[in-house]
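1. sequence and predicted structure below; questions after.
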Amino acid sequence: MNYSGIDLHSNNSVVTVTDERDRVVAEKRLPNDLSKIVAFLLPWRDELAGVVVESTYNWYWLVDGLQEAGFEVKLANTGAIKKYDGLKHSGDEADARQLAHLLRLGILPTGTILPPEHRATRDLARKRMQLVRSRTSHILAIENILARERAVKITSNQIKRLTAVDVDQMGLSADVALAVQSNLAVVTTLGAQIELLEKRLQEKLGERPEYALLTSVPGIGRILAAIILLETGPIERFDAVGNYASYARCVDSQRLSNGKKKGEGNAKNGNKYLVWAFVEAANFALRFNAEAKRFYERKKARTNNVVATKALAHKLARACFHILKERAPFDTRRCFA
């Protein structure tokens, strides 16, 4: 049996094939050309236990292509792989061999390879988040200009409704007005694109029963439900609610030895989009749901508002796990018991 590891970069990859004793059978740096990588691995395809690819920003094309070519592909969770310090030899070849080595030992931390169709829709939701953040920065720029020039306090919703005529009537100097107009034009354009993406997400998810069930959770509306559903993927990949809460970064990360805390673990191991969604849901829930508010106030009395919000987010994450597992709507008493 042989094992393969690929150290993937932006324009080239180091492809390694090793045997059952970690001896290198074949190794070569290749351009990021699927046909060349497949041709290099093809002589060992029937003998390979798997091909390990790092989950870098650009893995889609390689993983999909290798799977279509008949290879068993493993997506390495690089955030969970700790390299030893002080090794005499390091580099791309060593990294590729290490991936193959971990696969041979059966201790390779892996991520789920979602279908291309699911990833494409999920990435639309991520694109929406990117555009919203960009729009917010331009809205804040307009707020700052008006506060600086006219001591005017204006809300983000008021800014979204501004027109070029409104800006002209503010009595600003020509250059200042041009600066506001520039920001406003970007806000308007981004708003139109955000609406387009939201419409597409609704078309994709609106008929799915899990989507409707998630909106029964306090603080979770159409957008947060879409993000949670798409970032979660198949709920069957999580064996227990604790695994899901950990993936959503809603639990503490600690290192313990002899029953004593020895520091923090890898707090970034998990899904950053899910933790954002559940914290956002918690902030909405404590404003509009009495039970969520009471839970938050009890936690806050013993800790602080940040810890209390995170605890409420943890509760909502666990509730969403059970909703998706059991295909049942939100149960307030069960959540806050």
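-> Done, it's in.

2. which other residues reach the helix or strand hosting L213?
-> Under the assignment given by DSSP states H and E, the secondary-structure element containing L213 is helix 209-214. When contacts are taken as C-beta atoms under 8 Å, 6 or more residues apart in numbering, the neighbours of helix 209-214 outside the stretch itself are 205, 220, 224-226, 228-229, 320, 323-324, 327-330. To be clear about C-beta, it is placed using only N, CA and C from the backbone, and glycine gets the same treatment.

3. at 7 Å what do you get?
-> Counting by C-beta atoms under 7 Å, 6 or more residues apart in numbering, helix 209-214 makes contact with L205, I220, A225, I228, L229, C320, I323, L324, R327, P329, all of which sit outside it.

4. list the buried residues in that helix.
-> E210, Y211, L213, L214 (16 or more other C-beta atoms under 10 Å).

5. state the helix or strand in which the closest residue to the last one other than its chain neighbours lies.
-> Beyond its immediate neighbours in the sequence, the residue positioned closest to L214 (C-beta to C-beta, 6 or more residues apart in numbering) is A225, lying 3.9 Å away. Assigning secondary structure by DSSP H and E places A225 in helix 222-232.

6. need the next SSE after the least confident helix or strand in the chain by mean pLDDT, C-terminal direction.
-> Lowest on mean pLDDT, DSSP states H and E among the helices and strands of the chain sits strand 260-264, with a mean of 49. If you walk from strand 260-264 toward the C-terminus, the next helix or strand you reach (DSSP H and E) is helix 272-288.

7. from the chain's centroid, how far away is that following helix?
-> Distance, stretch centre to chain centre, for helix 272-288: 15 Å (C-alpha atoms, centre = their mean, to the nearest Å).

8. what sits up against it?
-> For helix 272-288, with C-beta under 7 Å, 6+ apart as the criterion, the contacting residues are 126, 217-220, 224, 227-228, 231, 247-250, 292-293, 296, 309, 312-313, 316-317.

9. which of the residues you listed fall in helices?
-> Using DSSP state H, the members of these that fall in helices are 126, 224, 227-228, 231, 247, 292-293, 296, 309, 312-313, 316-317.

10. and the helix holding L213, C-alpha only, in CSV?
-> Only the C-alpha atoms of helix 209-214 are listed here, as CSV (Å, rounded to 0.1, in the frame of the first residue of the first chain):
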residue,chain,number,x,y,z
PRO,A,209,-37.7,22.2,5.4
GLU,A,210,-34.5,22.6,7.5
TYR,A,211,-34.3,26.3,6.5
ALA,A,212,-37.8,27.0,7.7
LEU,A,213,-37.1,25.1,11.0
LEU,A,214,-34.0,27.2,11.7
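
11. which positions in the helix or strand hosting F321 come out as buried?
-> Secondary structure assigned from DSSP H and E places F321 in helix 305-326. Of the residues in helix 305-326, those with enough neighbours to count as buried (16+ other C-beta under 10 Å) are 308-324.

12. and that helix, what does it pack onto?
-> The contact analysis (3 or more C-beta pairs under 7 Å, 6 or more residues apart in numbering; DSSP states H and E) places helix 305-326 against helix 209-214, helix 241-247, helix 272-288, helix 290-302, helix 332-336.

13. let's see 10 Å
-> In terms of contact count using 3 or more C-beta pairs under 10 Å, 6 or more residues apart in numbering; DSSP states H and E, helix 305-326 is assigned the packing partners helix 209-214, helix 222-232, helix 241-247, helix 272-288, helix 290-302, helix 332-336.

14. could you pull out the buried residues of the longest one?
-> Of the residues in helix 272-288, 273-282, 284-286 count as buried by neighbour count, 16+ other C-beta under 10 Å.

15. what's around the nearest residue to Q181 once chain neighbours are set aside, how many residues?
-> Spatial nearest neighbour of Q181, excluding adjacent residues (C-beta to C-beta, 6+ apart): V167 at 5.6 Å. In terms of burial, V167 registers 19 neighbours under the definition other C-beta atoms under 10 Å.

16. burial count for E72?
-> Around E72 sit 12 other residues, with neighbours defined as other C-beta under 10 Å.

17. my read: it touches W44, true?
-> No. With contact defined as C-beta atoms under 10 Å, E72 and W44 do not form a contacting pair (11.7 Å).

18. shared neighbours, those two?
-> Counting by C-beta atoms under 10 Å, 6 or more residues apart in numbering, the common neighbours of E72 and W44 are S4, V51.
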